[in-house]
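Novice: Here's my sequence, what's the structure:
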Amino acid sequence: MQQLHTLLIQQAAEQPGVNCIRKLSMARTALVTIACLAGLLSFLLLLNSLNSRSIRLTLRPCAKSDEDFIQLTEERLARFQRGLRFRTVSYDIGRQDTQQLAEMVSFIRSSFPRVHSAKSSVKLTVINQYSLLYKVQGSDSSLLPALLMSHLDVVPTDGQNWTKPHFDAVVEDGYIYARGTIDDKVGVFGILEAMEYLLAKDWKPKRTFYIAFGHDEEIHGFQGAARIAEHLRTVEKVQKLEFVSDEGMVVLDGFVPGLSAPAIIIGVSEKGYVNLRLSYNSTPGHSSMPPAESVIGVLARAVARLEASQQPSQLGNGPEKAILELLSTYLKLPFPANIAARVVLNNLWLFKPLVSYALSRNPPTNALIRTTTAVTMFNAGIKHNVLASSAQAVVNHRIHPSQTIQQVVDHDRQVIADPRIQIEILDGIEASPVADCEESSYAFQVVAGTAQQVFTDGRVLPGIFVAKTDTNHYLQFTRNVYRFTPNHIHMRDANRYHGVDERIGVTVFEKAINFYYHLLRNADLPREQVLGGAAAAARQGEL
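Specialist: Numbers count the residues shown, from 1 in each chain. The predicted model follows:
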């Protein structure tokens, strides 16, 4: 027994050392495990960054020396200037300068004789007095038709202090100044000039083309594009379109720091919108005996909550993921910033909170990743010494493609958290579906490839168009709607849209004509030729 007791004492004395050794061994194992996981994580992050996506476009670049390059002659420039001088202003639904619209339509019909000749292969249908629909019949009925769009009307210039006359279309320092230069008479006259040139070359396409010029796009297009779409469906019996090309995003310089090449941004989706009226009603009274809460105060707090708790980030749920991944391959930053950017932008599964935070700090990039909230109107009160009996505010949301109107309203109701506040939907349109923007998409290759073919030094990026166009009326025919205006500007000039001193470069208008010319030609190319070229470039590792 004595020996057993002694042995037990010795084991007890030695036990703390054993525990220490065991703990050290466990710590060593944990460190090795963490190091292995960190190494594996680093490997995966780098692998994702090296395998980042790209867009390979193989259409031959367009050069001024090309035999079929359309030169901007004085005659073509003068036609564009004359078209800009028509004050085709849309003020509001039911308020348009219809006389100016009628005169512009008459000018168009007389200025492009080949397009409007009785012997022309182009058929014109005037829709609802002022909108124009052209049809060029293709020889191959197995090919889906394509639709090119633009619009005749412009927004007002009332109250804006321009340095040039608003509608004189003066040319100064290489720019044409006038309302409508970029939104969107560049599309109207670019397409017409391209068609006139093609018809002079005895153009006979295989694919059927429709050209649509609505007259009330700036006021939702209910009388123009909506009626054209109805005509396509009921009279032309169109069931499906290969793609739609309309106004939208542009070629941008200064898009992001580190992107040395211009960004050719093709809008592959369009935000929806909803206008909500928030209201609160109570009993009026004298300002000398105010209650603890005023009507205005209650509604103001509700509005403040909406601004403080914005709609959630949708980064990764829409095309912005592809935008960031592509952008990472184009950035030219000093080492190691370039590697860090590629790792972060190609691993949003890990860095999404960080990237969302960074993008949220700048209004243009914030609009890319979420449904935006803008309080645009606030009305209350009738007299300085009378308590308001009611207060109303209007909130405008621009809806991200991954959300619905109902989801936006539900979020607002939860954030406001006050059952006294009534929320009423005034009007709204759901966000559009996302068009194909992969290498394997024939439609995207044609539109994006044509853009890079003409703007040869640019890099193609898909984008979300945050404004509204007529294209929602044509979504019944295809989801492959591409929103791109062939205009090249610097980021600092973006506020000229609907703003002061709207302008377009003279040489840019020349490129716009050639963009539409090549778009009509390229959309007639066989699918195998377009996609086969991209596949060949992919095999060769070209960008």
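
Novice: Helices along the stretch 1-150 of the chain, start to end?
Specialist: In order along the chain, the stretch 1-150 of the chain carries the following helices (DSSP state H, counting those that start in this stretch): 2-50, 74-84, 98-111, 113-116.

Novice: which of those helices has the lowest average pLDDT?
Specialist: Here the helices of the stretch 1-150 of the chain differ in mean pLDDT, and the lowest is helix 2-50 at a mean of 54.

Novice: Go ahead and confirm residue 139 touches residue 206.
Specialist: Yes - assessed by Cβ atoms under 8 Å, residue 139 is found in contact with residue 206 at 5.3 Å. Every residue, glycine included, has its C-beta placed from N, CA and C.

Novice: The two - which one has more neighbours?
Specialist: Taking other Cβ atoms under 10 Å, residue 139 and residue 206 do not tie; residue 206 has more neighbours (14 against 11).

Novice: if I look at the closest residue to that one other than its chain neighbours, how far off is residue 193?
Specialist: Once flanking residues are discounted, residue 206 sits nearest to residue 140: 4.3 Å by Cβ to Cβ, 6 or more residues apart in numbering. Distance, residue 140 to residue 193, using Cβ to Cβ, to the nearest Å: 26 Å.

Novice: helix or strand for the residue nearest to residue 256 when sequence neighbours are not counted, which one?
Specialist: Closest residue to residue 256 apart from its sequence neighbours, by Cβ to Cβ, 6+ apart: residue 327 at 6.8 Å. Following DSSP states H and E, one finds residue 327 within helix 320-330.

Novice: Show residues contacting that helix.
Specialist: With Cβ atoms under 8 Å, 6 or more residues apart in numbering as the test, helix 320-330 has contacts from 49, 52-55, 256, 259, 261, 263, 314-315, 341-342, 345-346, 348, 355, 368-369, 437, 459-464, 543.

Novice: among these, which ones are buried?
Specialist: 49, 52, 54-55, 259, 263, 314-315, 341-342, 345-346, 348, 355, 368-369, 437, 459-464 (16 or more other Cβ atoms under 10 Å).

Novice: Just the ones in strands from these, please.
Specialist: Among the buried ones among the contacts of helix 320-330, the residues falling in strands (DSSP state E) are 263, 459, 460, 461, 462, 463, 464.

Novice: What is the most widely separated pair among those residues?
Specialist: Comparing all pairs in those by Cβ to Cβ, the longest separation belongs to 459 and 464, at 17.4 Å.

Novice: neighbours around the residue nearest to residue 256, how many?
Specialist: Neighbours of residue 327 (other Cβ under 10 Å): 21.

Novice: ok, back up a step: as a whole number, average confidence for the helix holding residue 327?
Specialist: Helix 320-330 comes out at a mean pLDDT of 84.

Novice: Need the CA coordinates for it. PDB is fine.
Specialist: Presented in PDB, the C-alpha positions along helix 320-330 are these (Å, rounded to 0.1, in the frame of the first residue of the first chain):
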ATOM      1  CA  GLU A 320     -22.600  45.300 -60.700                       C
ATOM      2  CA  LYS A 321     -20.600  42.100 -59.800                       C
ATOM      3  CA  ALA A 322     -19.600  41.600 -63.400                       C
ATOM      4  CA  ILE A 323     -18.800  45.300 -63.700                       C
ATOM      5  CA  LEU A 324     -16.400  45.200 -60.700                       C
ATOM      6  CA  GLU A 325     -14.800  42.000 -61.900                       C
ATOM      7  CA  LEU A 326     -14.200  43.400 -65.400                       C
ATOM      8  CA  LEU A 327     -13.000  46.700 -64.000                       C
ATOM      9  CA  SER A 328     -10.300  44.900 -61.900                       C
ATOM     10  CA  THR A 329      -8.700  43.600 -65.100                       C
ATOM     11  CA  TYR A 330      -8.600  47.100 -66.700                       C
END
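
Novice: Relative to the whole chain's centre, how far out is that helix?
Specialist: Chain-centre distance of helix 320-330: 15 Å, with Cα atoms, centre = their mean, to the nearest Å.

Novice: What ranges in this structure fall below the confidence cut-off?
Specialist: 1-54, 533-543 (pLDDT under 70).

Novice: Would you tell me what helix or strand the closest residue to residue 516 other than its chain neighbours is located in?
Specialist: Of all residues not flanking residue 516 in the chain, residue 194 sits nearest, at 4.0 Å (Cβ to Cβ, 6+ apart). Using DSSP H and E, residue 194 sits within helix 185-200.

Novice: what's the angle from that helix to helix 98-111?
Specialist: For helix 185-200 against helix 98-111, the angle by axes from the mean of the first three to the mean of the last three Cα atoms, to 10 degrees is 20 degrees.

Novice: Helix 98-111 and the next helix or strand after helix 185-200, what's the angle between them?
Specialist: As assigned by DSSP H and E, the chain's next helix or strand after helix 185-200 is strand 209-214. Interaxial angle of strand 209-214 relative to helix 98-111 (the same axes, to 10 degrees): 150 degrees.

Novice: where's strand 209-214 relative to the chain centroid, distance-wise?
Specialist: With Cα atoms, centre = their mean, you get 21 Å for strand 209-214.

Novice: Show me which residues of that strand are buried.
Specialist: For strand 209-214, a neighbour-count test (16+ other Cβ under 10 Å) marks 209, 210, 211, 212, 213, 214 as buried.

Novice: The nearest residue to residue 489 once chain neighbours are set aside: what's it in contact with?
Specialist: Distances taken as Cβ to Cβ, 6+ apart put residue 250 closest to residue 489, at 5.9 Å, once the chain neighbours are dropped. Contact analysis of residue 250 by Cβ under 8 Å, 6+ apart lists 182, 265, 484, 485, 486, 487, 488, 489.
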